[in-house]
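Novice: Please find the sequence and the predicted model below.
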Amino acid sequence: MSKGSVMYGALATALLVPIVLNATIKASANADGQSIRTTSTALPEQHTISSTQRHTGRLTESQIKKVDPYVMVVNNRYQLRSDATSTFGSKELNEVQQMLNKANENVTNNHLTIDPVSKSTAQNINTRAAWNQHYTYTNFWWGSRYYFTSNAAVDEMVSDLGNITFGFDVAGTIGTLFTGGGAAADATTASMYFSSMSAYLQLYNNSHRHNQIYMDVNYAGDYSCHILA
């Protein structure tokens, strides 16, 4: 996977600080005091084992799915169809445009090619291998999907997220969440965010040890795990 240096953005800090603190405390409490018995067991508040672990309160997973048909690829860039303005409110459109801007920046900076059908840029050839000891990923307009086809792949991501330097350098969307053109973000805030994500991934994987899984991470900082069909 590629590793790159990043500048930590103050804007990301402002968005993630309050909710990361809350999520980290709750995730830690659940990891210490609760076992997962069914898919309806709440891990922290506001999410079950199969729903989004949200930090920003911005676009939800269901909203992203609703917007997806209105996103198209033109000249290797993501853009909204003109009729999206009659379907979505200004707040939603603004959030979507921010995601598209971030995705287009990623495409340009990393010299990627967008598949106009899947609207994705696969940076790993064996993204959906039958078994891979490393996690792989695919980029979309909304963020990245990380594939874990083995427990070793989950362990690798957990290890990367556990190291503050590696966390900033994780390929795909995760490595961009704290980038920006402002003052350096508080490293402690980033560390707590990565720790919360790591705890959530571990809890999900521990309850699906015999399934291949994937984790979606969008440009707003939200993430969710699912079984890979």
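Specialist: Received the coordinates, thanks.
Novice: what sits against Ile64?
Specialist: Contact partners of Ile64, counting by Cβ atoms under 8 Å, 6 or more residues apart in numbering, are 142, 218. Where you see a C-beta, it was placed from the backbone N, CA and C, and this is true even at glycine.
Novice: State the pLDDT value of it.
Specialist: According to the model's per-residue confidence, Ile64 sits at a pLDDT of 89.
Novice: which residues in the protein form helices?
Specialist: When secondary structure is read from DSSP state H, the chain shows helices at 10-33, 61-67, 90-109, 151-162, 164-169, 187-206.
Novice: Now do the buried residues in the second one.
Specialist: Looking back up the chat, that one is helix 61-67. Applying a neighbour-count criterion of 16 or more other Cβ atoms under 10 Å, one finds 61, 64, 67 buried in helix 61-67.
Novice: quick one: which of those is nearest Val158?
Specialist: Checking the buried residues of helix 61-67 against Val158 with Cβ to Cβ, the nearest one is Glu61 at 22.6 Å.
Novice: ok, back up a step: the helices of the chain: lowest mean pLDDT?
Specialist: Taking each of the helices of the chain in turn, the lowest mean pLDDT turns up on helix 10-33, with a mean of 39.
Novice: Ser86: neighbouring residues, count only.
Specialist: Each residue near Ser86 was counted by other Cβ atoms under 10 Å, and the total is 6.
Novice: Oh, that last question was meant for Ala199, not what I typed.
Specialist: The number of residues near Ala199, taken as other Cβ under 10 Å, comes to 22.
Novice: And it, how close does it get to Leu161?
Specialist: Ala199 sits 9 Å away from Leu161, taking Cβ to Cβ, to the nearest Å as the criterion.
Novice: same check, this time on Leu112
Specialist: 23 Å.
Novice: more crowded one of these two?
Specialist: Neighbours of Leu112 and Leu161, each counted by other Cβ under 10 Å, are more numerous for Leu161; the result is 22 against 16.
Novice: so who does that one touch?
Specialist: 167, 170, 174, 194-195, 197-198, 201 are the contacts of Leu161 under Cβ under 8 Å, 6+ apart.
Novice: Turn those residues into a markdown table, columns for neighbour count and distance to His134.
Specialist: Output for the contacts of Leu161, formatted as a markdown table (neighbours: other Cβ atoms under 10 Å; distance: Cβ to Cβ, whole Å):
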| residue | neighbour count | distance to His134 |
| --- | --- | --- |
| Gly167 | 23 | 16 |
| Val170 | 25 | 12 |
| Ile174 | 25 | 15 |
| Phe194 | 25 | 18 |
| Ser195 | 19 | 21 |
| Met197 | 28 | 18 |
| Ser198 | 19 | 17 |
| Leu201 | 22 | 15 |
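Novice: could the residues you listed go into TSV alongside distance to Ser224?
Specialist: Written out in TSV, the entries for these read as follows (distance: Cβ to Cβ, whole Å):
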residue	distance to Ser224
Gly167	19
Val170	17
Ile174	14
Phe194	16
Ser195	17
Met197	11
Ser198	15
Leu201	10
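Novice: Out of the residues you listed, the closest to Thr85 would be?
Specialist: Of all those, Thr85 sits closest to Ile174, with 31.1 Å by Cβ to Cβ.
Novice: Is the closest one in contact with Ser144, as I believe?
Specialist: Yes - Ile174 is in contact with Ser144 according to Cβ atoms under 8 Å; the separation is 7.1 Å.
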